[in-house]
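J.: structure, please.
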Amino acid sequence: MITTITYAVLLAIIIGLIQCLKGFGMDSKWSPVVAIFLGLILQVGTVLYGETELFLGIINGLALGLAAVGLFSGTRSVAELVSGARGNAAPEAKQPVQ
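T.: Residues are numbered from 1 along each chain as shown. So this is what the prediction gives:
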């Protein structure tokens, strides 16, 4: 039986794998596609070794991949907002001299 803890672990695995792939040079624009693919693969794997139907596993895998992408970008946005509110915003880029 797949539990909420299983989904939380799979979500953390997807986020970690995406970050590893980015560290190896994967372009960030591919993160959502890779996260959805990983979500599908991991969820279908749990279905094959669990007691869930395949269709439900595919839908849950899509949800996991999308949640991983949203969780990462949402956390990053909040971190940028908090650092900006504290006055720790990154310095603005200098305009080229003409």
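
J.: quick one: the one helix or strand in the chain whose mean pLDDT sits lowest to chain centroid distance?
T.: Ranking every helix and strand in the chain by mean pLDDT, DSSP states H and E puts helix 54-85 at the bottom, with a mean of 73. Relative to its parent chain, helix 54-85 has a centroid offset of 5 Å by Cα atoms, centre = their mean, to the nearest Å.

J.: for it, packing partners?
T.: Contacts defined by 3 or more Cβ pairs under 8 Å, 6 or more residues apart in numbering; DSSP states H and E place helix 54-85 against helix 4-23, helix 31-48. No exception for glycine: its C-beta is placed from N, CA and C like everyone else's.

J.: check the ones you listed for me and report the most buried one.
T.: For those, the largest average neighbour count (mean count of other Cβ atoms under 10 Å) is found in helix 31-48, namely a mean of 18.

J.: which elements pack onto that one?
T.: Secondary elements touching helix 31-48 (3+ Cβ pairs under 8 Å, 6+ apart): helix 4-23, helix 54-85.

J.: related to what we said a few turns ago, list the buried residues for the least confident helix or strand of the chain?
T.: 57, 60-61, 64-65, 67-69, 72 (16 or more other Cβ atoms under 10 Å).

J.: coming back round to it: output the helices and strands packed on helix 31-48 as CSV; include the columns distance to Val47.
T.: Shown next, in CSV, are the helices and strands packed on helix 31-48 (distance: least, Cβ to Cβ, whole Å):
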stretch, distance to Val47
helix 4-23, 11
helix 54-85, 3
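
J.: closest one to Leu48 among the ones you listed?
T.: Ranking the helices and strands packed on helix 31-48 by proximity to Leu48 (Cβ to Cβ) places helix 54-85 first, at 8.1 Å.

J.: between that closest one and helix 4-23, how many degrees?
T.: Angle, helix 54-85 to helix 4-23, by axes from the mean of the first three to the mean of the last three Cα atoms, to 10 degrees: 60 degrees.
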